[in-house]
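*Asks:* when you get a sec, could you give me coordinates for this:
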Amino acid sequence: MPKKTIKETIHAKGIDILIYTEDFQNEYLSLTDIARYKSDEPYIVINN
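*Replies:* Predicted structure coming up:
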């Protein structure tokens, strides 16, 4: 049976950042959400 991914949101400096986890030991932050802090086009920030 596959594990269920749980999504939660944190709020930092006025932006929402998604956190994904399956086991509450390994958590993954959305880089796209973090890049939105720098630009309205986050893919450009990530590519650089």
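
*Asks:* helices or strands up against whichever helix or strand Lys7 is part of?
*Replies:* Here Lys7 is covered by strand 6-12, with elements defined by DSSP states H and E. With contacts defined as 3 or more Cβ pairs under 8 Å, 6 or more residues apart in numbering; DSSP states H and E, the packing partners of strand 6-12 are strand 15-21. Where C-beta positions appear, they are placed from N, C-alpha and C, glycine not excepted.

*Asks:* quick check: Ser39 is in a helix.
*Replies:* No - counting by DSSP: H, G, I helix; E, B strand; the rest coil, Ser39 is not part of a helix but coil.

*Asks:* sheet partners, orientation included, of the strand holding Lys7?
*Replies:* For strand 6-12, the pairing partners within the sheet under DSSP bridges are strand 15-21 (antiparallel).

*Asks:* give me the neighbour count for Ile34.
*Replies:* For Ile34, the tally of surrounding residues (other Cβ atoms under 10 Å) stands at 16.

*Asks:* who touches the most centrally placed residue in the chain in this structure?
*Replies:* When Cα atoms, centre = their mean is applied to the chain, the residue found nearest the centroid is Ser30 (1.9 Å). If a contact means Cβ atoms under 8 Å, 6 or more residues apart in numbering, then Ser30 has 17-20 as its contacts.

*Asks:* one more: Lys7?
*Replies:* For Lys7, the contacting residues are 18-20, by Cβ under 8 Å, 6+ apart.

*Asks:* who does it form a beta bridge with?
*Replies:* According to DSSP bridges, the partner residues bridging Lys7 are Tyr20.

*Asks:* ok, now how distant is it from Asp40?
*Replies:* The span separating Lys7 from Asp40 equals 23 Å under the rule Cβ to Cβ, to the nearest Å.

*Asks:* buried residues, stretch 26-41. List them.
*Replies:* By 16 or more other Cβ atoms under 10 Å, the buried positions in stretch 26-41 come out as 30, 33-36.

*Asks:* what's the closest of these to Ala12?
*Replies:* Ile34 (8.6 Å; Cβ to Cβ).
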